[in-house]
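**Student:** Sequence first, predicted model second:
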Amino acid sequence: MILLQLGALSVWVPNTWQAPSHTLLSPGARQMIAVSDSAHLSMILDPLSQSTIFQLLPQLPKPQGLTKNPWNQSPYFTETVEYIDGEIYVTMSDVSTSGSRYVLNLYMAKTEANTAWTIIKSIKALVPLDLSQGIRLLLAQTRLSSTPPGAMWSRGQDRWLLVGGEPATAQEPFFLLRSQDGGKHWNLVNYTRWTAVPYQVFPNTVGNPAIVFWNAQEGLIAQPSYATPPLLLFRTTNGGMSWNES
């Protein structure tokens, strides 16, 4: 077997593969590729930047089956496995405490699926970022040139952060995060669900919402709407765990 290393990211591949040295893709981003006659593997290590700000929003909801995956180490972990035209395609990514995102792509013939999973199980990933670290990084002006889209409200030691993800057509997921110790630690309180059961009322359209809390439990989100009515109001009486639209 051949050990491929890209910084703190490493993986073993069969010794019959060709493994060129890593290449520089863009300032700070690096890539390593290994190939055989019927397979291709690429590893990319990319520092976070303003253009990748949305990678610091939790990847939710998690697809079924991933929660028990040993590589599902952080709220930012993603994985897809597809079988297309006799080939297996695997993509994995995560964000590390060093402020870097790694992506690993592998495709092989479906008949070599056992070898593919041996390769995947050999991955040694970077130390993953936890949610509190990610939100502090998201808010850090020294790392990012502008604050995230959304709204923040402070009251004593309580902090609420409402952040919108990347727009997709006419819908946009929102994430509500809360800190009860002045921003040292954060918890995900609520997020947009379009197909979840039971359905929860929560902002889910493109717009710039504003949030306000007048005590630790009661708050309001006001959000512009392209439809009627032109302003949507959402109210909570349990600190943001659930909302009613009015």
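**Tutor:** In hand now; what should we look at?
**Student:** which one is Arg178 nearest to, not counting chain neighbours?
**Tutor:** Excluding the flanking residues, the one nearest Arg178 by Cβ to Cβ, 6 or more residues apart in numbering is Val189, at 4.7 Å. Using the backbone N, CA and C atoms, a C-beta is placed for each residue, glycine as well.
**Student:** Wait, the one you found touches Ser242, no?
**Tutor:** No. Look at Val189 against Ser242 with Cβ atoms under 8 Å: they stay out of range, at 9.6 Å.
**Student:** Alpha carbons of stretch 73-85, as PDB, please.
**Tutor:** The C-alpha trace of stretch 73-85 is given here as PDB (Å, rounded to 0.1, in the frame of the first residue of the first chain):
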ATOM      1  CA  GLN A  73     -17.100  13.800  13.400                       C
ATOM      2  CA  SER A  74     -18.500  17.300  13.200                       C
ATOM      3  CA  PRO A  75     -21.600  19.300  12.400                       C
ATOM      4  CA  TYR A  76     -19.900  20.100   9.100                       C
ATOM      5  CA  PHE A  77     -19.300  16.600   7.900                       C
ATOM      6  CA  THR A  78     -20.900  15.500   4.600                       C
ATOM      7  CA  GLU A  79     -20.700  12.200   2.700                       C
ATOM      8  CA  THR A  80     -22.400  10.900  -0.500                       C
ATOM      9  CA  VAL A  81     -22.200   7.400  -2.000                       C
ATOM     10  CA  GLU A  82     -23.600   6.700  -5.400                       C
ATOM     11  CA  TYR A  83     -23.600   3.800  -7.800                       C
ATOM     12  CA  ILE A  84     -23.800   5.000 -11.400                       C
ATOM     13  CA  ASP A  85     -23.200   2.900 -14.600                       C
END
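**Student:** Just the buried residues of that stretch, please?
**Tutor:** Of all the residues in stretch 73-85, those buried under the rule 16 or more other Cβ atoms under 10 Å are 73-77, 79, 81.
**Student:** between Val189 and Ser242, who's got more neighbours?
**Tutor:** Using other Cβ atoms under 10 Å, the more surrounded residue of Val189 and Ser242 is Val189, with 18 against 15.
**Student:** Toward the C-terminus, what is the element adjacent to the helix or strand containing that one?
**Tutor:** Assigned by DSSP states H and E, Val189 belongs to strand 187-191. As assigned by DSSP H and E, the chain's next helix or strand after strand 187-191 is strand 210-213.
**Student:** Direction included, what does that following strand pair against?
**Tutor:** strand 219-224 (antiparallel) (DSSP bridges).
**Student:** Next secondary structure element downstream of the partner strand?
**Tutor:** Next along from strand 219-224, by DSSP H and E: strand 231-236.
**Student:** What helices and strands are in contact with that next one?
**Tutor:** strand 219-224, strand 244-245 (3 or more Cβ pairs under 8 Å, 6 or more residues apart in numbering; DSSP states H and E).
**Student:** Which of the helices or strands spans Thr115?
**Tutor:** helix 113-121.
**Student:** which outside residues touch that helix?
**Tutor:** Applying Cβ atoms under 8 Å, 6 or more residues apart in numbering, the contact partners of helix 113-121 are 11-14, 39, 41, 88, 90, 92, 106, 108.
**Student:** Apply 10 Å and report the result again.
**Tutor:** 1, 4, 11-14, 17, 34, 36, 38-39, 41, 70-71, 79, 81, 83, 87-90, 92, 104, 106-110, 112 (Cβ atoms under 10 Å, 6 or more residues apart in numbering).
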